[in-house]
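Enquirer: Attaching a predicted model along with its sequence, questions to come.
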Amino acid sequence: MSANAQHYDVIRKPIITEKATMASENGAVVFEVAIDSSKPQIKEAVEALFGVKVKAVNTTITKGKVKRFRGTIGKRKDVKKAYVTLEEGNTIDTSTGL
């Protein structure tokens with residue numbers, strides 16, 4: 001497997017919410033990442049895919065909610081988010097298609 005494919009396995013998709021938009025004003029970008037990925041892996045993947053310098057990576061795991069699907073009880077999957085803080089002068093535009 002190529003190195004690029006590994007990076008795409010680590011980073012699933014950018015998260016565009018009100019909270020993520022507020023974080024982007026402080027030079028941070030929010031991504032949904034693989035649940036088993038580590039901070040160094042996330043840093044390496046973002047630097048390789050977007051060509052930027054990463055200052056810090058903060059992660060959070062959101063537990064899946066229990067919901068009803070067609071009358072039966074089911075559970076949403078757990079989601080890991082990475083708040084990636086970029087060095088001064090570096091930006092990633094997640095509003096355009098990747």
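Expert: Yep, it's here. What you are looking at is a predicted structure, and each value in this text was computed from that prediction instead of being measured. Numbers count the residues shown, from 1 in each chain.

Enquirer: For stretch 43-53, buried residues please.
Expert: Across stretch 43-53, burial judged by 16 or more other Cβ atoms under 10 Å covers Lys43, Glu44, Ala45, Val46, Glu47, Phe50, Val52. In short, each C-beta sits where N, CA and C put it, glycine included.

Enquirer: between the residues you listed, which is closest to Arg70?
Expert: Ala45 (36.3 Å; Cβ to Cβ).

Enquirer: Make sure the closest one is indeed in a strand.
Expert: No. Applying DSSP: H, G, I helix; E, B strand; the rest coil, one finds Ala45 to be helix, outside a strand.

Enquirer: Would you confirm that it contacts Ile11?
Expert: Yes. Counting by Cβ atoms under 8 Å, Ala45 does reach Ile11; the two are 5.2 Å apart.

Enquirer: re earlier: quick check, nearest of the buried residues of stretch 43-53 to Thr17?
Expert: Val46 (18.6 Å).

Enquirer: The closest one reaches Lys55, doesn't it?
Expert: No. Between Val46 and Lys55 there is no contact under Cβ under 8 Å: 10.9 Å.

Enquirer: Okay, strands next: where are they in this structure?
Expert: Along the chain, the segments classed as strands by DSSP state E run 11-14, 28-33, 54-62, 66-69, 72-75, 79-86.

Enquirer: need those strands in CSV with mean neighbour count and mean pLDDT, can you?
Expert: Formatted as CSV, the strands of the chain follow (neighbours: other Cβ atoms under 10 Å; pLDDT from 0 to 100):
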stretch, mean neighbour count, mean pLDDT
strand 11-14, 16, 90
strand 28-33, 21, 92
strand 54-62, 14, 93
strand 66-69, 9, 91
strand 72-75, 9, 92
strand 79-86, 20, 93
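
Enquirer: All set, thanks.
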